[in-house]
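Undergrad: okay, predicted coordinates and the sequence, questions at the end:
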Amino acid sequence: MIDSGLQGKNAIVTGGGAGIGRATALRLAAEGARVLIADLNAETAESAAEEVRSAGGTAETVTGDLSRQEVVDRVADTAAERLGGIDVLVNNAGIMDDLSATADVGDAVWERLIRINLTAPFLLTRAVLPHMLGRGSGSIVFTASEASLRGSAAGTAYTAAKHGVVGLVKSTAIMYRDHGIRVNAVAPGGTATSISVEAAQSPAGPTVLGNYAGNIGRVADPAELASAIVFLASDAASNISGAVLPVDNGWSAV
C-alpha cells in the first residue's frame, strides 16, 4: 500500500460545507491531514468541521465570499497560523449557471459565474503559492467539470468559466513544476450535490443540451469525487501535474 503522505499535512478545502467539498474534507482528515473548511455558509462549514473533530481530527473554518480578496487573505492567514502552514489546496467551491446559450446570457449571470468559478480559485491559488514556495512543496487540486472538456454539458457562462479553470491548472502546473508544487483537476460528470440548476426561460440552451443528457450515465456520490481529489493531492500522485482527470462514469469517452 502506498502511503498517501497526508498525515500531518495542512489542507484548505473550499466549498467544504457540503457535497464534494465536505466529502473531501472528511477524507483528507481521515488520512491524517488538518483541514480548513472555507464556505459561504457558516452553518454547513461548522457542521463539517465538527464531524472532523468528532472523528478525532483537526478542523478550522472560515466563511465568506471567496471572490473577495479580504476573505481569501483570511483563509490563507488562518491556515498558516492555526494549522501551521499550507500543504494542500482544494479549489472546489463553485456554482452552476442557468443553461443559457450565448445570445441569451445576461451580464449578471456571466459576471457571477466567472467571478465565483474562475476568479475566486485564482485568487486563493495566488494567495497560497508563496506559502507553498516557502516550504518547497505543495499540491493544488481544482474541481473543473465535464463542461471543461466539452461544450454540451452546461450553459455558456459555466462552460467558459470551467474551460478557464483548466487553463489556470495547466499554466500554474508548468510555472511551478520545478518548485515542488503539483497542480491538477478532477472533471466531475453528474454528481449528487446540493448545487441547483434553474434553466433559463429561453429554450435555446436547455433544448440543445437536452440532446446530450442521456450520455451522463450513473450519477456519482460525492465520496467518489473525494477519492479522486485526495489521490491527486497525495504522494500517490507524486509525478502527476497539469492533469485533468475525468470522474464521470465514462461520459467524456462518449
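TA: Good, I have the coordinates. Residues are numbered from 1 along each chain as shown.

Undergrad: so where's the stretch 1-150 of the chain uncertain?
TA: 1 (pLDDT under 70).

Undergrad: for burial, what's the neighbour tally of residue 96?
TA: By the criterion of other CB atoms under 10 Å, residue 96 has 18 neighbours. C-beta coordinates here come from the backbone N, C-alpha and C atoms, glycine included.

Undergrad: please verify my assumption that residue 72 contacts residue 124.
TA: Yes. The pair residue 72 / residue 124 is scored as a contact, 5.2 Å apart, by CB atoms under 8 Å.

Undergrad: need the residues touching each of the two.
TA: Taking CB atoms under 8 Å, 6 or more residues apart in numbering as the contact rule, residue 72 and residue 124 both touch residue 66.

Undergrad: tell me which helix or strand residue 239 sits in.
TA: Following DSSP states H and E, there is no helix or strand that holds residue 239.

Undergrad: the chain should start at 33 in everything you say after this.
TA: Sounds good: first residue 33 from here, last item residue 271.

Undergrad: ok, residues contacting the longest helix along the chain?
TA: If you go by DSSP state H, the chain has its longest helix at helix 188-207. The contact list for helix 188-207, computed with CB under 8 Å, 6+ apart, reads 123, 128-129, 132-134, 137, 141-142, 145-146, 149-150, 153-154, 157, 172, 174, 176-177, 179-181, 183, 185-186, 214-217, 237, 273-274, 276.

Undergrad: of the residues you listed, which belong to helices?
TA: Among those, DSSP H puts 141-142, 145-146, 153-154, 157, 237 in helices.

Undergrad: now neighbour count and distance to residue 255 too, for these, in JSON lines please.
TA: Below are the ones in helices among the contacts of helix 188-207 laid out as JSON lines (neighbours: other CB atoms under 10 Å; distance: CB to CB, whole Å):
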{"residue": "141", "neighbour count": "18", "distance to residue 255": "31"}
{"residue": "142", "neighbour count": "18", "distance to residue 255": "33"}
{"residue": "145", "neighbour count": "26", "distance to residue 255": "26"}
{"residue": "146", "neighbour count": "17", "distance to residue 255": "29"}
{"residue": "153", "neighbour count": "30", "distance to residue 255": "22"}
{"residue": "154", "neighbour count": "16", "distance to residue 255": "27"}
{"residue": "157", "neighbour count": "19", "distance to residue 255": "25"}
{"residue": "237", "neighbour count": "22", "distance to residue 255": "30"}
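
Undergrad: okay, now the residue lying closest to residue 190 once chain neighbours are set aside: neighbour count?
TA: Once flanking residues are discounted, residue 190 sits nearest to residue 129: 3.9 Å by CB to CB, 6 or more residues apart in numbering. Using other CB under 10 Å, residue 129 has 25 other residues around it.

Undergrad: ok, residue 129 to residue 236 distance?
TA: Residue 129 sits at a distance of 13 Å from residue 236 (criterion: CB to CB, to the nearest Å).

Undergrad: please apply the same query to residue 203.
TA: Here the distance between residue 203 and residue 236 works out to 32 Å (CB to CB).

Undergrad: residue 67 now?
TA: According to CB to CB, residue 67 and residue 236 sit 42 Å apart.

Undergrad: and these two? which has more neighbours close in?
TA: residue 67 (29 against 16).

Undergrad: stretch 179-197: end-to-end distance?
TA: 11 Å (CA to CA, to the nearest Å).
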